[in-house]
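J.: My questions are about this predicted structure, shown below with the sequence.
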Amino acid sequence: MACLHPAACCKYEFTPCLAQYRIIRVQCTDLPGISMRRTGVDNTHSNPAKPVLVWLISCRLQVSSALDVIFFVREICETHPPLRPSILERLRDTFSTIRASRVVSCALWVLGEYSVSRDEVEAALDVVHAGLGPLPLLTVESDVADGDASKDQASTASAAAPAASAAAAGSKRPAVLADGTYATQAAVIEVPLLTVTGPLPPNIRALLLAGEFFLGGVVAATLTKLLLRLRSLGVPAAVVNKASAAGMLAIISILRLGDSPVLPAPLDDDSRDRMAACVQVLAHPEPDMVKVWLDDCRAAFSTLTSDKQTREAAELAAASAKSYAQPDDLIDFGHLRSRKGPGGLSQLELEDQVTSDLARATGLGDAADADAKRLNRVLQLTGFSDPVYAEAYVTVHQYDIVMDVTVLNRTNETLQNLTLELATMGDLKLVERLQQYTLAARASKVIRANIKVSSTETGVIFGNIVYEGAGYAERSVVVLNDIHIDIMDYISPASCADVQFRNMWAEFEWENKVAINTSITEVDAFLDHIIASTNMRCLTPPRALEGQCGYLAANLYARSVFGEDALVNVSVEQTAEGKLAGYIRIRSKTQGIALSLGDKITLKQKG
């Protein structure tokens, strides 16, 4: 914790190793949260991790790690009301140093949602206005007028601009040139986004000037919540009107900034509508709208948080439900118990117990299940009419593939120099060259081949059996059927945070888009079928999948034994004809997973 604390900035030099350590440390931030949940600590001095976590939001971390911290702080604010004042105070102190747009948006939401007293609301308003800086945000005005001069006159005006600039500087009227024509002058004064020698602009201002207008909508919503809450606290009308005027001026300035042609990105319609709605609510605060802004938003987040906690508790209960033999548990020896008396066993119970004990001791029950699974994985390599019959049982052990090939001589002659020749395609490598065998008439032989796997990809094993008969001048060849290694043997369900999923989705370059073509007519049943077929985990909360609206979007995630990630997004809707339409998008860091998983979904989606 020493190199995470802000006081250590002067002691530890910021190096890539230190940055990586901080990122790993952030991934363990659930530990202080769990301790606070169990002990109910609401004292900063007894829990020094909390101020460090708030400071980590603004330190030089990856955006995903800073988002993990701010999401954790947001959850603590919701689940532990006594901790809110101290967290809000430290968040206001460090807000000006946050430079990531998404982190600033979440921090603004926390300030706008949990600032409830007059002092907290006014302090939050000061923080927001300080982040915006002086208004207007961008000065782009020096009277641009349209003149009636022709292009030649305009060129003359541009040539005589140095002489006319002094006359037009203090007046808005057109300048008169030497030939008697009129000229107009247009000037654009742009505030630099970031200067090299000057100080950094305020964080919200810099992000808005960079075209982050979604943040503008968040700023407008935060100002609206704070001003409506200030009005509900019984503050004098003069104070409320003054604060509301300043807030509406800030929102209008962001709207005017969005109309500027000098910005790298224009203002989107969604953000414009959101800011216009905020101005309308501040101008005419109706009781229903005030309830939506102040109560319903908090209730929605409370429901989301409680649903998450319920899901985590269910997973923890399922994990703890497994029975384990503790070191001090008693061992009950049935053979030492009395067969008579009130505590004895009946003859039937004794026979059942002896039978089950013998089955467990000899492994008879497990062997029966293993044999059933083994028969389901046997692959036929040759036909029944071939002189040499072969079948294989493939066992996948993460990095190794073991093939047990059973070869049967169906002729009445002895086969000499019988060789199993194998070749691989994909990231598969044959470890050893198989030896030659002599197979008597009607005899069989089990040949074992070891194959190494280096990545998660659907590989293909093909080959043939070569042998020499007693009366043959040439060697005979039996071509084997191809063996396709299933990708499902390598991947397993896994879980990750939503922020991490989005970052990987934006980072991974390989995508496979599969059109939905299935006989299933219900979107929920189709999602369950895809999850069962691909051996993946649905990251979308069950509460978000409830209801029958004819449309469904869900994220699936799995991880291979090699540490590779597989991301799947299912977007499906029910058409008017009752059929399902949409796409399944697969993204991964390597091409093999995307293609192999796409082929698997194409084969299995029929239902």
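T.: Cool, the structure landed. Owing to the predicted nature of the structure, the values given are computational and were not obtained by experimental measurement.
J.: What sits closest to residue 409 if chain neighbours are left out?
T.: residue 439 (4.5 Å; C-beta to C-beta, 6 or more residues apart in numbering). (Glycine included, C-beta is placed from N, CA and C.)
J.: nope, residue 92 is what I was after
T.: Residue 92 sits nearest to residue 127 (C-beta to C-beta, 6+ apart), 5.1 Å away.
J.: and that neighbour, that's in a helix?
T.: Yes. Applying DSSP: H, G, I helix; E, B strand; the rest coil, one finds residue 127 inside a helix.
J.: What are the buried residues along the lengthiest helix in the chain?
T.: Ranked by residue count and defined by DSSP state H, the top helix of the chain is helix 297-320. Neighbour-count burial for helix 297-320 flags residue 301 (criterion: 16 or more other C-beta atoms under 10 Å).
J.: and for that helix, what are the contacting residues?
T.: Residues from elsewhere that reach helix 297-320 (C-beta atoms under 8 Å, 6 or more residues apart in numbering): 75, 78-79, 113, 225, 541-543.
J.: what does stretch 567-585 give?
T.: So stretch 567-585 is contacted by 501, 504-505, 508, 511-516, 518, 520-523, 526-527, 530, 534, 536, 550-558, 586-588, 597, 601, 605 (C-beta under 8 Å, 6+ apart).
J.: Any of these buried? List them.
T.: Buried among these by 16+ other C-beta under 10 Å: 501, 504, 508, 512, 514, 516, 518, 520, 522-523, 526-527, 530, 534, 536, 552, 554-558, 586-588, 597, 601, 605.
J.: Any stretches of the stretch 251-400 of the chain with poor pLDDT?
T.: 322-325, 331-374 (pLDDT under 70).
J.: so where do the helices sit in it?
T.: Using DSSP state H, counting those that start in this stretch, the helices of the stretch 251-400 of the chain run over residues 269-283, 287-291, 297-320, 347-362, 364-376.
J.: re earlier: mind checking which of the buried ones among the contacts of stretch 567-585 land in strands?
T.: Among the buried ones among the contacts of stretch 567-585, the residues falling in strands (DSSP state E) are 512, 514, 552, 554-558, 586-588.
J.: related to what we said a few turns ago, got the phi/psi numbers for the residue nearest to residue 409?
T.: Here is the backbone geometry of residue 439 (degrees, to the nearest 10): phi -120, psi 120.
J.: So what pairs up with it in the strands?
T.: residue 415 (DSSP bridges).
J.: Contact partners for it?
T.: Residue 439 touches 407, 409, 414-415, 418, 445, 467, counting by C-beta under 8 Å, 6+ apart.
J.: Between all of these, which two are at the greatest distance?
T.: 407 and 414 (13.6 Å; C-beta to C-beta).
J.: if we can go back for a sec, now the contacts of residue 439 as JSON lines including neighbour count?
T.: Converted to JSON lines, those look like this (neighbours: other C-beta atoms under 10 Å):
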{"residue": "407", "neighbour count": "24"}
{"residue": "409", "neighbour count": "21"}
{"residue": "414", "neighbour count": "16"}
{"residue": "415", "neighbour count": "24"}
{"residue": "418", "neighbour count": "22"}
{"residue": "445", "neighbour count": "17"}
{"residue": "467", "neighbour count": "25"}
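J.: closest to residue 69 among these?
T.: The closest of the contacts of residue 439, once distances to residue 69 are taken by C-beta to C-beta, is residue 407, at 60.9 Å.
J.: who touches that closest one in this structure?
T.: 388-390, 418, 420, 437, 439, 444-447, 465.
J.: Now it, what are its backbone angles?
T.: phi -110, psi 130.
J.: And the pLDDT at it?
T.: We have a pLDDT of 93 for residue 407.
J.: possible to save the contacts of residue 407 as CSV with distance to residue 261?
T.: Below are the contacts of residue 407 laid out as CSV (distance: C-beta to C-beta, whole Å):
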residue, distance to residue 261
388, 78
389, 77
390, 73
418, 80
420, 72
437, 81
439, 83
444, 82
445, 80
446, 77
447, 74
465, 74
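J.: From the chain's centroid, how far away is stretch 287-304?
T.: Remark: stretch 287-304 is offset 27 Å from the chain centroid, using C-alpha atoms, centre = their mean, to the nearest Å.
J.: Pull up the distance across that stretch, start to finish.
T.: 25 Å (C-alpha to C-alpha, to the nearest Å).
J.: any low-confidence regions in the stretch 1-150 of the chain?
T.: Ranges of the stretch 1-150 of the chain meeting pLDDT under 70: 1-64, 139-150.
J.: please redo it, this time with the cut-off set to 50
T.: 1-14, 30-49, 140-150 (pLDDT under 50).
J.: and what of the stretch 501-607 of the chain?
T.: For the stretch 501-607 of the chain (pLDDT under 50), the answer is none.
J.: just the helices in the stretch 51-200 of the chain please.
T.: 63-79, 84-94, 101-114, 118-132, 151-159, 161-169.
J.: right, and the ones you listed - which one's nearest residue 396?
T.: helix 63-79 (32.8 Å).
J.: Dump the ones in strands among the buried ones among the contacts of stretch 567-585 into JSON lines; add distance to residue 319 as well.
T.: Below are those laid out as JSON lines (distance: C-beta to C-beta, whole Å):
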{"residue": "512", "distance to residue 319": "33"}
{"residue": "514", "distance to residue 319": "33"}
{"residue": "552", "distance to residue 319": "28"}
{"residue": "554", "distance to residue 319": "24"}
{"residue": "555", "distance to residue 319": "23"}
{"residue": "556", "distance to residue 319": "21"}
{"residue": "557", "distance to residue 319": "19"}
{"residue": "558", "distance to residue 319": "19"}
{"residue": "586", "distance to residue 319": "29"}
{"residue": "587", "distance to residue 319": "29"}
{"residue": "588", "distance to residue 319": "28"}
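J.: For the most centrally placed residue in the chain, give me its contacts.
T.: Geometric centre of the chain, nearest residue: residue 501, 1.4 Å, by C-alpha atoms, centre = their mean. Residue 501 makes contact with 539, 555, 557, 567, according to C-beta under 8 Å, 6+ apart.
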